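1. the following block contains a protein sequence and its predicted model.
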Amino acid sequence: MADFRNYQARVATAGARADAAIDEGLRAYMIRVYNLMALGLAITGFAALGTVMLATTSDPAAAVATLGNGKMLTAFGAAIYGSPLRWVVMLAPLALVFFLSFRVEKMSVSAAQTTFWAYAALVGISLSSVFLVFTAASIVQTFFITATAFLALSLFGYTTRRDLSGFGSFLIMGVIGLILAMIVNIFLQSSALQFAISAIGVLVFAGLTAYDTQQIKEMYYEGDGALVAGRKAIMGALRLYLDFINMFMFLLQFLGNRE
């Protein structure tokens with residue numbers, strides 16, 4: 001009987017050590033995901049600031065165009081905001097994110113990571129135009145509000161024991177509906193529809209933040225090799241990055257003060 005009790009104790013101890021190892025590995029994996037996402041956001045921010053600094057000027061002699069709010073554009077600014085090149089700036093990030101999503105299984109970790117950095121920089125260039133529309137103070141304020149909401153929602157997704165997978169298809173349908181509504185509103189130019197799109201967009205990407213966090217957590221497997229684990233971390237960071245950027249943009253429609 002004593003031997004049996006000792007065996008049970010050894011099994012329990014081994015199980016506890018295995019669980020501790022899994023928890024430690026999971027924490028390291030999630031920290032890697034969040035670090036990649038945070039660095040992607042930093043690259044986007046610096047790219048946006050650098051682009052708008054090159055695109056605008058306070059010197060009338062260097063300006064080639066003036067916006068309705070009095071801001072003056074350089075030749076570079078007129079090219080990326082007012083010429084057909086703007087479509088390349090807008091669509092290049094979309095092309096690169098599709099490339100990364102479909103090719104990541106065949107890429108090395110370093111190549112996938114570099115592609116993610118390039119994508120984040122292109123998004124920054126594409127989003128630099130928000131500095132022409134909204135005040136810098138309101139952009140910073142909205143960023144910190146988004147960051148606070150994102151952290152709370154992601155923490156919920158990480159810690160909750162409730163299965164959020166049932167919301168996945170509903171949220172994806174919401175994203176598709178938002179895209180269709182935005183396309184329609186390009187022609188309608190309805191302020192009421194734009195308000196509805198922004199409100200629904202915030203709710204959809206708030207839900208996706210919690211959902212994606214739980215999905216990324218469940219993707220972790222302690223037996224993954226360095227290559228597979230690295231790819232998973234990059235794709236997880238991309239999912240959370242997209243949730244953050246989209247929630248920020250929709251919140252900016254509510255909270256941003258226009259120039």
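-> Great, that's in hand.
2. need the contact list for V123.
-> T44, A47, P93, I245 (Cβ atoms under 8 Å, 6 or more residues apart in numbering). Quick note: C-beta positions are derived from backbone N, CA and C, even for glycine.
3. actually, S190.
-> Going by Cβ under 8 Å, 6+ apart, the list of residues near S190 is empty.
4. neighbours of F99, just the number please.
-> Using other Cβ atoms under 10 Å, F99 has 14 other residues around it.
5. gap between it and A112?
-> 10 Å (Cβ to Cβ, to the nearest Å).
6. over to L127?
-> L127 sits 22 Å away from A112, going by Cβ to Cβ.
7. rewinding a little: tabulate the contacts of V123 in CSV, adding columns for distance to V228 and pLDDT.
-> Converted to CSV, those look like this (distance: Cβ to Cβ, whole Å; pLDDT from 0 to 100):
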residue, distance to V228, pLDDT
T44, 27, 97
A47, 30, 97
P93, 26, 92
I245, 26, 97
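8. where does pLDDT dip in the stretch 51-200 of the chain?
-> Scanning the stretch 51-200 of the chain for pLDDT under 70 picks out 69.
9. could you show me where the helices are in it, in order?
-> Here the stretch 51-200 of the chain has its helices, by DSSP state H, counting those that start in this stretch, at 75-82, 85-103, 109-127, 130-133, 136-159, 168-188, 191-219.
10. setting the sequence-adjacent residues aside, check what's closest to V202.
-> Among residues not flanking V202 along the chain, F250 sits closest, at 4.7 Å (Cβ to Cβ, 6 or more residues apart in numbering).
11. tell me which residues in the helix or strand harbouring the one you found are buried?
-> Assigning secondary structure by DSSP states H and E places F250 in helix 226-255. Under the neighbour-count criterion of 16 or more other Cβ atoms under 10 Å, helix 226-255 has 229-253 buried.
12. for it, packing partners?
-> helix 2-55, helix 85-103, helix 109-127, helix 136-159, helix 191-219 (3 or more Cβ pairs under 8 Å, 6 or more residues apart in numbering; DSSP states H and E).
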